[in-house]
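In: Just a sequence and a predicted model for now, questions to come.
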Amino acid sequence: MDAVNDAANDTAGSDGAGGGSLRNHEGPAPEREPSRLYPRVTSFRSRRGALTATQQQSWERMWPRIGREVSDEPLDAAAWFGRTAPLIIEIGCGTGTATAAMAQAEPQFDLIGIEVYKPGLAQLVQRIEREGIENIRLLRGDAVDVLEHMIAKDSLAGVRVFFPDPWPKARHHKRRLLQPATMTLIASRLQRGGILHVATDHAGYAEHIAAVGAGEPQLVGLNEATGGDAEHPGAETVIGLERPVTKFESKAHRAGSAITEFIWGKI
Ligand SMILES: C[S@@+](CC[C@H](N)C(=O)[O-])C[C@H]1O[C@@H](n2cnc3c(N)ncnc32)[C@H](O)[C@@H]1O
């Protein structure tokens, strides 16, 4: 991870956080490229990777229907899914192990996985096609852009953030996704009773996340790690909290890292 973070630091430049901005830009923001996959990365690092031939074929068959690039257009989820159902967003879905399993376990919900890494998305696209999963859509790009521009306030039944990149070095902490501003943004998109579910295997990031969540007035803790109890009086829609173990998480288990799970509810 260190080598990766060093590479990310080279891409991002040195310290110089973006003040009140949700993003930590270096200097003035460059003009946006249509794809939104601009190189000034934030909580994610630039990673290239080619799709296999079968992934590419599956992508071409499926993406026009189930995938979109992040844009400024407010999202009409009912039109995209072809039905009205409570909506859950997963930020940084990686290869989509949790996304697919949770979508299959809760067909009554619609799930949107957001990820910048195309080969990860491609694995999920293949699984969606192979297993005929109907209640997943995918957005490729920065989840902060999605939340800011595409998702209406008070609209989500849940937001999931499983194993966000911990950026362990102090000089990289500003790149962590879960900062006060993003926590406020996420909370603002949840409907009353909506759930924010976060998991991390990094002890330092866990402490940071706990403090940031405790400071967010729109959220109330619902489990031990968030200093609350399981009953949330505002809950109208109860989303599933059972996660399958992802490849990433298995590595953490093998390394002996403890997993911290956070559950908050929107007041
Ligand atoms: C450590 S991986 C975990 C992946 C997956 N959740 C799992 O448990 O296996 C973190 C993922 O978040 C993605 N990511 C980080 N920041 C993001 C952002 N702002 N928008 C979308 N994806 C992001 C990265 O590309 C990476 O795939």
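Out: Sure, I can see it.
In: would you list every one of the strands in the stretch 51-200 of the chain?
Out: With DSSP state E, counting those that start in this stretch as the criterion, the stretch 51-200 of the chain has strands at 67-69, 87-91, 110-115, 136-140, 156-162, 190-200.
In: hmm, the third one in reach of the ligand?
Out: Yes. Using C-beta under 6 Å from any ligand atom, strand 110-115 reaches the ligand at Ile114, Glu115. From N, CA and C alone the C-beta is placed, and that goes for glycine too.
In: coming back round to it: could I get the strands of the stretch 51-200 of the chain in JSON lines, plus columns for mean neighbour count and mean pLDDT?
Out: Below are these laid out as JSON lines (neighbours: other C-beta atoms under 10 Å; pLDDT from 0 to 100):
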{"stretch": "strand 67-69", "mean neighbour count": "17", "mean pLDDT": "98"}
{"stretch": "strand 87-91", "mean neighbour count": "25", "mean pLDDT": "98"}
{"stretch": "strand 110-115", "mean neighbour count": "26", "mean pLDDT": "98"}
{"stretch": "strand 136-140", "mean neighbour count": "22", "mean pLDDT": "98"}
{"stretch": "strand 156-162", "mean neighbour count": "24", "mean pLDDT": "97"}
{"stretch": "strand 190-200", "mean neighbour count": "23", "mean pLDDT": "96"}
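In: Figure out which of the ones you listed is closest to Pro244.
Out: strand 156-162 (10.0 Å; C-beta to C-beta).
In: on contacts alone, who are the packing partners of that closest one?
Out: strand 87-91, helix 97-105, helix 180-189, strand 190-200 (3 or more C-beta pairs under 8 Å, 6 or more residues apart in numbering; DSSP states H and E).
In: try it again with 10 Å
Out: Helices and strands touching strand 156-162, by 3 or more C-beta pairs under 10 Å, 6 or more residues apart in numbering; DSSP states H and E, are strand 87-91, helix 97-105, strand 110-115, helix 180-189, strand 190-200, strand 260-266.
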